[in-house]
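[1] the following comprises the amino acid sequence and a computationally predicted model.
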Amino acid sequence: MLAAKKAITLSLVLLFCLMGPGSAFGQDGFPGRKAERRAVGAVSLYFENDIFYNTDQYYTNAVKLRFISPSLASLAENDIAPDFFDGLMDAVQRIRQKEAMQYNVSFGFGQSLYTPRDTQATTLQPDDRPYAAHLYAFLGMHVKEPDLMDSYELSLGLVGPGALGRQTQNTVHRIKRVDTAKGWEHQLRNEPALSLSWTRNYRLVPDKADRGWAWNILPYHSLTLGNALTQAAVGTELRFGYNVPRTFGTSQIKPGSSVDAPSDSPWASGAGDQDWGFYFFAGAEGRAVARNIFLDGNTWKTSHSVKKEPFVGELNAGLALVVNGITVSYTQVYLTKEFKEQPTKKQVYGSITVTIPFDVDF
């Protein structure tokens, strides 16, 4: 109970620090004290779980909530992050600064859960992955051109009992009236988790993303550094559909994953009288993993661990529907083996993302 209280307090402090006291939601409904113009912000909710395929193992559940600012003239000119982040944002902006660029700031929080294959065993399972949970808050900075976007994300959180993994999973299982997981006493120990991620997204066929039937190709690459995860990734997405929005891809819950940062129009171009669309998508990603605390175990303390695979692959496919700027997508994800002792060659899980734009006085 004490660990739970500490974790809740930590998460609240993290969110307060990321948002800053000057970013309180004012009378206009979005961060800001003075209504100067109308703009478009967004909120995205992510949910990933292997329940879609009737399993309860490995990467078993994750939720994430992200709030996204309207487009900004500069990263530092926002009422979301506290003033002490201005220096960092100015430095990020100087890396790439051109005319006609748009900037966005985002923040939010999330939780991810990991379990071994057999959740009914009460003893330690040395040849299976450890129980682990990750509770975190993050601040993102996004720099956009018409066919390119850079996303920088700083994440601070907690791995271990204080991340409330046992409470989350077993509470849901009790509500569903299914067996609770019996081995959480063997989970990773408490450890702060800090990471910095950079992702660059491209639109290789920008002129094709327009009204009517269209297709586009969306490659990306990313780098994440931190004590919880250190890896490099490269991937791409192919989309085809009707009234395909001019965005940079269909996001999942990944470190440094890009955000469909909004512009003043939900379509980022002349929408005409079209207010709906849909598209099919398929993608692939390869990762080179140097460290993964959820497999390698705690950094400074003795804990359960397994031998990770240094290279991991992913295939995904799904469908997205857009109505009046609101996007709902479902992704089916196939992930190759993550550790040497893993008896199955892959894991399959589902990912749902809902993004809702809204007008704000800003």
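    Received the coordinates, thanks. Numbering: from 1, shown residues only.
[2] in the stretch 101-250 of the chain, which spans are helices?
    Remark: helices assigned in the stretch 101-250 of the chain by DSSP state H, counting those that start in this stretch are 165-176.
[3] strands along that one, start to end?
    Ranges of strands within the stretch 101-250 of the chain are 102-115, 132-145, 148-159, 191-202, 213-217, 220-226, 229-242, based on DSSP state E, counting those that start in this stretch.
[4] do the stretch 251-362 of the chain as well
    Assigned by DSSP E, counting those that start in this stretch, the strands in the stretch 251-362 of the chain fall at 276-292, 311-323, 326-336, 346-361.
[5] alpha carbons of stretch 199-215, as CSV, please.
    C-alpha atoms of stretch 199-215 as CSV (Å, rounded to 0.1, in the frame of the first residue of the first chain):
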residue,chain,number,x,y,z
THR,A,199,12.2,9.9,-34.3
ARG,A,200,12.3,11.2,-37.9
ASN,A,201,9.3,10.5,-40.1
TYR,A,202,9.1,11.1,-43.9
ARG,A,203,6.4,11.3,-46.5
LEU,A,204,7.9,10.0,-49.7
VAL,A,205,4.8,10.6,-51.8
PRO,A,206,3.4,13.8,-50.4
ASP,A,207,1.4,14.8,-53.5
LYS,A,208,-0.6,11.5,-53.3
ALA,A,209,-2.0,12.2,-49.9
ASP,A,210,-5.1,14.2,-51.0
ARG,A,211,-8.8,14.0,-51.8
GLY,A,212,-10.2,10.8,-53.3
TRP,A,213,-8.3,7.6,-53.6
ALA,A,214,-4.7,7.9,-52.7
TRP,A,215,-1.6,6.1,-51.3
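[6] Y103: which of the strands of the stretch 251-362 of the chain is closest?
    Of all the strands of the stretch 251-362 of the chain, strand 346-361 sits nearest to Y103, with 15.6 Å by Cβ to Cβ. Using the backbone N, CA and C atoms, a C-beta is placed for each residue, glycine as well.
[7] parallel or antiparallel, which strands does that closest one pair with?
    Strand 346-361 has its sheet partners listed here by DSSP bridges as strand 38-49 (antiparallel), strand 326-336 (antiparallel).
[8] can you mark which positions in that strand are buried?
    347, 349-353, 355, 357, 360-361 (16 or more other Cβ atoms under 10 Å).
[9] what is the nearest of the residues you listed to F294?
    Of all the buried residues of strand 346-361, Q347 has the smallest distance to F294: 13.0 Å, by Cβ to Cβ.
[10] what about that closest one, distance to T336?
    Using Cβ to Cβ, to the nearest Å, one obtains 8 Å as the distance from Q347 to T336.
[11] swap in V244?
    Counting by Cβ to Cβ, the gap from V244 to T336 is 29 Å.
[12] next: I51.
    Going from I51 to T336 by Cβ to Cβ gives 21 Å.
[13] picking up where we left off before, any idea which of the buried residues of strand 346-361 is closest to T168?
    Nearest to T168, judged by Cβ to Cβ, of those is Y349 at 16.5 Å.
[14] distance of the closest residue to that closest one other than its chain neighbours relative to A233?
    In this structure, Y349 finds its nearest non-sequential neighbour in D50, 4.2 Å apart by Cβ to Cβ, 6 or more residues apart in numbering. For D50, the distance to A233 equals 21 Å [Cβ to Cβ].
[15] over to L65?
    L65 is 23 Å from A233, by Cβ to Cβ.
[16] so between those two, which is more surrounded?
    In this view L65 and A233 are compared by other Cβ atoms under 10 Å, and A233 has more residues nearby, 22 against 12.
[17] just list whatever residues bridge to the more buried one.
    When assigned by DSSP bridges, A233 has beta-bridge partners S222, R287.
[18] likewise G41?
    Beta-bridge partners recorded for G41 (DSSP bridges): F358.
[19] wait, it sits on R66?
    No - using Cβ atoms under 8 Å, G41 is not in contact with R66, being 11.0 Å away.
[20] from the buried residues of strand 346-361, which is closest to T199?
    For those, the residue nearest T199 by Cβ to Cβ is T353; the value is 15.9 Å.
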